[in-house]
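Colleague: model this:
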Amino acid sequence: MASQPQIEEMTANYLGGNYGYGHAKQALYELLLNKFEEPREKFEYYMNHLEEVDEALAIGADKAKKVADGVLHRVREKLGY
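Modeller: Next up is the predicted model:
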């Protein structure tokens, strides 16, 4: 998850002393917050706007239904139904 400079900094902190698991865990937590900030904001947005999710799912369902109907029609023709 971390960049090479961040890894080198943490290594130096460990070797320098007075830096332990708690510090490393906090640094990882901050890295994760920064790295996944945009996806987390999108998730929160869509969780607060579920109607947009439902609309997108309905559009996808309509597209899938058209494809599935065509496939079922061809299968039925081949089977003689």
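Colleague: which SSE is the residue nearest the centre of the chain in?
Modeller: With distances taken as C-alpha atoms, centre = their mean, residue 39 lies nearest the centre of the chain, 6.5 Å away. If you go by DSSP states H and E, residue 39 is part of helix 37-48.
Colleague: kindly report the same for residue 54.
Modeller: Residue 54 is part of helix 50-79 when elements are defined by DSSP H and E.
Colleague: so what touches the helix holding residue 39?
Modeller: Applying C-beta atoms under 8 Å, 6 or more residues apart in numbering, the external contacts of helix 37-48 come out as 52, 53. Using the backbone N, CA and C atoms, a C-beta is placed for each residue, glycine as well.
Colleague: that helix: how far from the chain's middle?
Modeller: Per C-alpha atoms, centre = their mean, to the nearest Å, the displacement of helix 37-48 from the mean C-alpha position of its chain is 10 Å.
Colleague: just the angle between that helix and helix 50-79, please?
Modeller: Angle, helix 37-48 to helix 50-79, by axes from the mean of the first three to the mean of the last three C-alpha atoms, to 10 degrees: 80 degrees.
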